[in-house]
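Undergrad: Could you work out the structure for the sequence below:
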Amino acid sequence: MRGINDKVRAAVFAVAISLLSACGGNGGSSGNGSAATPAGGINLQIVSFGDSLSDVGTYAPIASAVGGGRFTTNPGQVWTQDVAQYYGNTLSAAYTIDLTHKLSAQSGLGYAEGGATVATPANQSDFLADVIGDVEMPVNQQVSRYLAAHGSFNANQLVLVWAGANDVLRAGALPAGAQTVETAATTLAGIVGQIAQNGAAHIVVVNVPNIGLSPRGLASADGGANLAQLSQLFNGSLNAALQSNGLQGKVIQIDSYSWLNQIVANFQANGFAVSNTSVACDPRKTPHATALLCSPPTYVTANADQTYMFADDLHPTTHLHALFAQYVEQQIASRGLGH
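TA: As a prediction, this is how the structure comes out:
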């Protein structure tokens with residue numbers, strides 16, 4: 001692993017000058033996009049909070065040195081970018097890392113950051129510390145930073161919230177892990193309430209997928225049973241908290257847990273050749289075996305981004321992200337927003 005780490009560091013510094021000149025842009029703005037009617041039937045500005053499942057490029061200034069940038073089969077997009085395009089918008093990172101492992105504010109509205117929990121400080125977990133350091137902001141801080149910069153939300157925005165997976169992954173075994181998960185879910189409901197109270201009219205809240213069905217879950221000693229139970233516990237606690245806070249009628253809830261179960265059960269019908277049993281990014285070629293540093297030269301096959309479900313042991317491929325985006329768009333339309 002030291003050889004791989006050295007390769008990453010060498011690549012980073014070899015392109016340092018070009019990266020520093022590019023740090024401010026990160027491709028695309030977060031404005032309202034074109035005046036033309038988009039595929040979704042309505043123009044919406046996208047704001048996103050969460051973790052690596054929604055991160056549009058927080059760590060790209062470093063990860064791009066080896067062809068990476070997002071937690072998927074790069075250069076593919078994640079679901080939040082697909083949804084943004086559907087509503088005539090583009091989504092770029094609100095913060096990006098620099099070569100000194102510091103986050104700098106950008107113009108984007110993609111606040112989701114890989115490694116983020118709902119509210120636990122970054123330094124309480126060793127998440128790719130050799131690559132990015134302890135910099136990822138938890139979701140409560142992401143929302144606070146947004147409000148500090150923008151003051152409020154507005155009716156022309158679609159706010160996407162997907163968090164809790166890292167809380168589940170770090171909770172440990174049941175029954176001891178239950179308190180961590182329940183607290184995180186209740187806290188997330190409170191954050192959603194804060195978003196609503198500050199003017200957001202369209203809020204999408206995604207529950208935790210069945211992490212037990214991820215390659216990491218399948219590889220665990222119990223075949224993913226503990227992670228599946230923790231995922232269910234988080235989702236049940238989140239539902240209860242949203243209901244008790246009077247928020248269920250104010251948000252669009254997306255059941256990613258059931259959705260993933262269905263996709264895995266019918267993977268071939270959804271265009272995949274490989275289900276959740278293997279990964280698209282060859283762990284022997286991909287630095288740290290993470291999708292953040294995955295690129296076409298590290299794919300197991302040339303079209304693995306389309307034929308595999310998972311990029312690494314946790315993160316979706318480009319194709320799985322695209323399918324999830326379509327599902328979210330359908331659920332939004334069913335609530336009468338766009339089509």
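Undergrad: Ala219: neighbour count?
TA: Residues within reach of Ala219, counting by other C-beta atoms under 10 Å, total 11. C-betas here are computed from N, CA, C, even on glycine.
Undergrad: can you confirm Phe64 is in a strand?
TA: For the record, residue 64 is Ser, not Phe. No. Using DSSP: H, G, I helix; E, B strand; the rest coil, the assignment for Ser64 is helix, not a strand.
Undergrad: Please enumerate the strands of the stretch 101-250 of the chain.
TA: 103-105, 157-162, 203-206 (DSSP state E, counting those that start in this stretch).
Undergrad: contacts for the last one?
TA: For strand 203-206, contacts defined as C-beta atoms under 8 Å, 6 or more residues apart in numbering pick out 50, 158-162, 192, 195-196, 238, 242, 250-254, 256, 328, 331-332.
Undergrad: Out of the residues you listed, name the ones that lie in helices.
TA: 192, 195-196, 238, 242, 256, 328, 331-332 (DSSP state H).
Undergrad: Local confidence estimate at Trp162?
TA: Note for Trp162: predicted pLDDT of 98.
Undergrad: got the contact list for it?
TA: 48-51, 53-54, 112, 205-206, 256 are the contacts of Trp162 under C-beta under 8 Å, 6+ apart.
Undergrad: ditto for Arg70
TA: 55-57, 60, 76-78, 291-292.
Undergrad: and what of Ala39?
TA: 85-86.
Undergrad: what's the spacing between it and Gly338?
TA: 9 Å (C-beta to C-beta, to the nearest Å).
Undergrad: before we move on, what about Cys294?
TA: 32 Å.
Undergrad: Those two: which is more packed in?
TA: Cys294 (37 against 20).
Undergrad: now the more buried one: how far from Val168?
TA: 23 Å.
Undergrad: for Asn207, same thing?
TA: Using C-beta to C-beta, we find Asn207 at a distance of 11 Å from Val168.
Undergrad: ok, back up a step: switch the strands of the stretch 101-250 of the chain over to TSV, and while doing so, append distance to Ser231 to every line.
TA: What follows is the strands of the stretch 101-250 of the chain, written out as TSV (distance: least, C-beta to C-beta, whole Å):
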stretch	distance to Ser231
strand 103-105	29
strand 157-162	13
strand 203-206	12
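Undergrad: highest average neighbour count across those?
TA: strand 157-162 (a mean of 26; mean count of other C-beta atoms under 10 Å).
Undergrad: Low-confidence ranges, the chain, go.
TA: 1-35 (pLDDT under 70).
Undergrad: mind listing the helices in it by residue range?
TA: 2-14, 16-22, 60-63, 79-86, 129-132, 139-150, 165-169, 178-197, 215-219, 225-244, 256-265, 304-307, 318-334.
Undergrad: Please tabulate those in JSON lines, including the columns distance to Cys281.
TA: Formatted as JSON lines, the helices of the chain follow (distance: least, C-beta to C-beta, whole Å):
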{"stretch": "helix 2-14", "distance to Cys281": "13"}
{"stretch": "helix 16-22", "distance to Cys281": "22"}
{"stretch": "helix 60-63", "distance to Cys281": "13"}
{"stretch": "helix 79-86", "distance to Cys281": "18"}
{"stretch": "helix 129-132", "distance to Cys281": "15"}
{"stretch": "helix 139-150", "distance to Cys281": "26"}
{"stretch": "helix 165-169", "distance to Cys281": "18"}
{"stretch": "helix 178-197", "distance to Cys281": "28"}
{"stretch": "helix 215-219", "distance to Cys281": "11"}
{"stretch": "helix 225-244", "distance to Cys281": "21"}
{"stretch": "helix 256-265", "distance to Cys281": "19"}
{"stretch": "helix 304-307", "distance to Cys281": "8"}
{"stretch": "helix 318-334", "distance to Cys281": "11"}
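Undergrad: which ones are touching His202?
TA: Here His202 is in contact with 44, 155, 157-159, 252, 332, 337 (criterion: C-beta under 8 Å, 6+ apart).
Undergrad: Which of these sits closest to Asp130?
TA: Distances from Asp130 to the contacts of His202, taken as C-beta to C-beta, are shortest for Val159 (33.0 Å).
Undergrad: wait, the closest one sits on Ile195?
TA: Yes. The pair Val159 / Ile195 is scored as a contact, 5.8 Å apart, by C-beta atoms under 8 Å.
Undergrad: which residues are in contact with both of the two?
TA: 49, 153, 203.
Undergrad: which one among these gets closest to Asp126?
TA: Checking the shared contacts of Val159 and Ile195 one by one against Asp126 (C-beta to C-beta), the nearest turns out to be Phe49, at 23.0 Å.
Undergrad: just to revisit the earlier point, is it possible to export the ones in helices among the contacts of strand 203-206 to CSV including neighbour count and distance to Ala302?
TA: Converted to CSV, those look like this (neighbours: other C-beta atoms under 10 Å; distance: C-beta to C-beta, whole Å):
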residue, neighbour count, distance to Ala302
Val192, 26, 41
Ile195, 24, 41
Ala196, 18, 45
Leu238, 27, 39
Leu242, 24, 43
Ser256, 22, 29
Val328, 24, 28
Gln331, 17, 33
Ile332, 23, 34
